[in-house]
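S.K.: need coordinates for the following:
(chains A and B)
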Amino acid sequence: MDLAKALKAIRRSIWVYHLNSGSCNACDIEVLDALTPYFDVERFGIKLVGSPRHADVVLFTGPVTRESLPKVVRALKAMPRPRLLLVLGSCGVGGGIWWDTYATIGGFSKLEEILREQGVEVDRVVYVPGCPVRPEAIIYGILVLLGLAEQKVREVEVHAPGG
Amino acid sequence: MLHSILTLVASLVGVVLAPVYDGLERKLRAAIHTRIGPPVLQTWYDLVKLFSKELVIPEGGTWCVLTLALEITALVASIALLNYIPLVTIPGVVGVEVAAFIALLTVATALTMVRAVAQNNVYSVVGGFREFTLALSSEPFLVFSYLALVAGGERPVFRISSLLILTICAYVLSSRIPYDIAEAEPELSAGVNIELAGPLLGVATMSTVLRRFLAAELTALALVSTAGFWSYQALVLSLALTPAVWVVHALVSILLGRTRVDVGPRTLLLTLFPLSVVTITIYGLGL
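M.R.: Residues are numbered from 1 along each chain as shown, chains lettered A, B, ... in the order given. Presented below is the predicted three-dimensional model:
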């Protein structure tokens, strides 16, 4: 699939689906906050939808509990391509404080492996860390995901003095 | 021939402008919320995006695709017939065109329900049955008031009473709050469209927008014909008045809140049934 062409069509009309994989609800409250008239995300064409079938971008929160795992995989499988994911919060990004507990798989990095094994391709992922993540960061993350804004954080190699 | 060309042009203009009117409605809603809101062409952007996405055929796919195709065809044909009727008919005479228009309108609603059941999703089926309840409580009155307006003759009070019924029913036909049963309940997760994705969802979205256009144009045409206009004048005036009716529909939906799902059909019956009895009495009195 030609991702650049697909992203071009989505840039003006971004339908988001909120997928909670067992978060403490702090990030979910911030997601709702970002979708209120105060931030007016509709001016970017962003709209909340109630079915993964309608979604262009999934707002993914939580460290992926074992209970939610099959439902998460099913929901992502239901999405039409291109599958775009905005992984929100410390828990979504890397499991947060739950990264090695028995009840969670430890965030999206582990889920990505499972999705690959199940043949569910994800076309692009952007990580938005924070505990909880700020609404401005969520909106900014969506714009970065679609190439409408530049990513500010860059990978920097740091060497220890004399190392 | 001229009538057919005019109908074709008017219908084409309607189909192209309907998503723009929807964009205007969203802009108006945003203005009332004191926010900027989406561009006026946002609904067109949504449709273009949906048609560019992957085609996912849901379970029960053949039936779903077939009903969706027939539904959009019935809606476009209804709009064309609505434009054609004032050009070729004489006021006061119910011809084959009027009968065909009513039949197509009813078929479009019935197809939405068939599509809902065909999707093999419990939420979609529940949404479909709710649409069915709503159609049962409004469509007979819509047909009655439309026929009354077409065949009513020179009875001003009777015409105004019928117009009132048609205005209420047309608002219900436009699938707005509190009659937007398809999206009324968050737990229904998008109601009858839950399993549709990409181009199929695009067709379903276009069908909703066209239904709204049809509702607005039907009300505009009823207003124009009640004011005494017919033929070319009626067509031009109704097309010009359609965005104004659309804005009124939008304002009503913005100002109204959501209600419990059973309240919609019940209040409709409690309003429309007595209104119809009064209208028939007025006709009997020759007013």
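
S.K.: helices or strands up against the longest strand along chain A?
M.R.: Of all segments of type strand in chain A, defined using DSSP state E, the longest is strand A:14-20. Packing partners of strand A:14-20 (3 or more Cβ pairs under 8 Å, 6 or more residues apart in numbering or on different chains; DSSP states H and E): helix A:26-34, strand A:46-48, strand A:57-61, helix A:69-78. (Each C-beta comes from the backbone N, C-alpha and C, glycine too.)

S.K.: just checking, residue B:235 touches residue B:86?
M.R.: Yes - the criterion here is Cβ atoms under 8 Å, and residue B:235 meets it with residue B:86 at 5.4 Å.

S.K.: quick one: the host helix or strand of residue B:140 to chain centroid distance?
M.R.: Assigned by DSSP states H and E, residue B:140 belongs to helix B:122-151. Remark: helix B:122-151 is offset 10 Å from the chain centroid, using Cα atoms, centre = their mean, to the nearest Å.

S.K.: what number of residues lie near the residue lying closest to residue B:287 once chain neighbours are set aside?
M.R.: Leaving out its chain neighbours, the residue that sits closest to residue B:287 by Cβ to Cβ, 6 or more residues apart in numbering or on different chains is residue B:157, at 4.0 Å. By other Cβ atoms under 10 Å in any protein chain shown, 14 other residues sit near residue B:157.

S.K.: so how far is the helix or strand hosting residue B:157 from its chain's centroid?
M.R.: Of the helices and strands defined by DSSP H and E, residue B:157 is found in helix B:156-173. Averaging C-alpha positions (Cα atoms, centre = their mean) puts helix B:156-173 14 Å from its chain's average.

S.K.: got the angle between the longest strand of chain A and helix A:26-34?
M.R.: Calculated by axes from the mean of the first three to the mean of the last three Cα atoms, to 10 degrees, strand A:14-20 forms an angle of 150 degrees with helix A:26-34.

S.K.: compute the inter-axis angle for strand A:14-20 and helix A:69-78.
M.R.: Using the same axes, to 10 degrees: strand A:14-20 against helix A:69-78 is 170 degrees.

S.K.: could you say which of the helices and strands packed on strand A:14-20 is packed most deeply?
M.R.: The highest average neighbour count among the helices and strands packed on strand A:14-20, using mean count of other Cβ atoms under 10 Å in any protein chain shown, belongs to strand A:57-61 at a mean of 26.

S.K.: direction included, what does it pair up with?
M.R.: In the sheet, strand A:57-61 lines up against strand A:14-20 (parallel), strand A:84-88 (parallel) (DSSP bridges).

S.K.: in contact with the nearest residue to residue A:40 once chain neighbours are set aside, which residues?
M.R.: Distance criterion Cβ to Cβ, 6+ apart; nearest residue to residue A:40, sequence neighbours excluded, is residue B:35 at 3.9 Å. By Cβ atoms under 8 Å, 6 or more residues apart in numbering or on different chains, the contact set of residue B:35 is A:37, A:40, A:42, A:43.

S.K.: which of the residues you listed are buried?
M.R.: Neighbour-count burial (16 or more other Cβ atoms under 10 Å in any protein chain shown) is assigned, among the contacts of residue B:35, to A:40, A:42.

S.K.: mind putting the contacts of residue B:35 into TSV with secondary structure?
M.R.: Listed next are these as TSV, based on DSSP: H, G, I helix; E, B strand; the rest coil:
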residue	secondary structure
A:37	coil
A:40	coil
A:42	helix
A:43	helix
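
S.K.: for the contacts of residue B:35, could you give me a markdown table that also reports distance to residue A:106 and pLDDT?
M.R.: What follows is the contacts of residue B:35, written out as a markdown table (distance: Cβ to Cβ, whole Å; pLDDT from 0 to 100):
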| residue | distance to residue A:106 | pLDDT |
| --- | --- | --- |
| A:37 | 36 | 91 |
| A:40 | 35 | 93 |
| A:42 | 35 | 92 |
| A:43 | 36 | 92 |
